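[1] One predicted model, sequence on top.
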Amino acid sequence: MKQVLRMIRIQDLVKVYKLGEIEVKALKNVNLHIKAAEFTSVMGPSGSGKSTLMNILGCLDRPTSGYYYLDQIQVDRMSPDELAEIRNKKIGFVFQSFNLLSRSSALKNVELPMLYAGVKPNERKERAVEALEKVGLSDRLHHKPNELSGGQRQRVAIARSLVNNPSIILADEPTGNLDSKSGIEIMDIFERLNEEGTTIILVTHEPDIASMAKRVIHFKDGEMVDDHETGKAEVSV
C-alpha cells in the first residue's frame, strides 16, 4: 500500500555555502508547502537555488537555518543515518543522466535500491519486473543501458525510483537528455504516477515540460519569485 505523504513544509529556509572567505546564499528565507499528490515543477536559471532546494527536499543536504517537515516529521536536523532512512522509505530519485550501471541489465539496475534495503532476492526480482512493466519495458528486462534508447534508459531510472514504493519522486531535469517525443512520453509516465497518488516534484528548464505539471514555481537568486497553478485538476488521495 502506498504511503501517503501528508505534506512538505519548508519554513524560513536558508542555505549558505562557504567558498573560502566568501559566503554564497543559495536559498534565502524560502517558505513552501506542497500537499500530497501534487505535481509541481520548479524552474529558474542556473544559480537560482532550485537544485539546492531539491537536494534539501531529497534529504541529500541540510539547510543552514530554517525548518523542513516531511510527512509531519522535522528532518532538517536529522543525522546522516536518519536522513538515509527517510530517503530509502519515502523518496524516489530520477536524474537527467539516468545514473544506470552500464554493465548491468535493466532488471538488475532496478533491483539495486532493494539490495541496499535488504529485500530478499525473489521479492527483489518480482518487484523490479512489476516496476519495469509499469513503465512499458516488460520486453527489455535483460537489456543493458547501451542497448536501450535514451527514453528507455530514463524509463528504467523511473522504474528504479518506484521499487521501494516512495510517496514522493524528485526528478532533476528528467527530459533534459531526451528528444521531444521521448520527453513527452516520460512526462506521460509521471502524470500517470501522479494520478495514482504519487507526489511529483521536478526541476526543468523547459517551459512546455513545466506546463504539464499542475503547479509551477520559479526561483531567482535563491528566492521564490512566482508560484502558480496551471489549471490542471488536483488528484484526490
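    Perfect, thanks for sending it. Numbers count the residues shown, from 1 in each chain.
[2] Quick one: the helices in the chain, in order.
    When assigned using DSSP state H, the helices of the chain occupy the ranges 50-57, 80-90, 106-116, 121-134, 150-162, 180-195, 207-210.
[3] Can you add distance to Lys35, mean neighbour count and mean pLDDT and give those helices back as JSON lines?
    (C-beta placed from N, C-alpha, C; glycine too.) Formatted as JSON lines, the helices of the chain follow (distance: least, Cβ to Cβ, whole Å; neighbours: other Cβ atoms under 10 Å; pLDDT from 0 to 100):
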{"stretch": "helix 50-57", "distance to Lys35": "14", "mean neighbour count": "22", "mean pLDDT": "95"}
{"stretch": "helix 80-90", "distance to Lys35": "15", "mean neighbour count": "15", "mean pLDDT": "90"}
{"stretch": "helix 106-116", "distance to Lys35": "26", "mean neighbour count": "20", "mean pLDDT": "93"}
{"stretch": "helix 121-134", "distance to Lys35": "24", "mean neighbour count": "17", "mean pLDDT": "96"}
{"stretch": "helix 150-162", "distance to Lys35": "20", "mean neighbour count": "24", "mean pLDDT": "96"}
{"stretch": "helix 180-195", "distance to Lys35": "12", "mean neighbour count": "17", "mean pLDDT": "95"}
{"stretch": "helix 207-210", "distance to Lys35": "18", "mean neighbour count": "16", "mean pLDDT": "94"}
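[4] can you put these in TSV and add distance to Asp227?
    Output for the helices of the chain, formatted as TSV (distance: least, Cβ to Cβ, whole Å):
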stretch	distance to Asp227
helix 50-57	13
helix 80-90	23
helix 106-116	31
helix 121-134	31
helix 150-162	25
helix 180-195	18
helix 207-210	12
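[5] ok, now how distant is Lys125 from Gly197?
    25 Å (Cβ to Cβ, to the nearest Å).
[6] picking that back up, of all the helices of the chain, which one comes closest to Lys18?
    Smallest distance to Lys18 across the helices of the chain (Cβ to Cβ): 13.9 Å, for helix 50-57.
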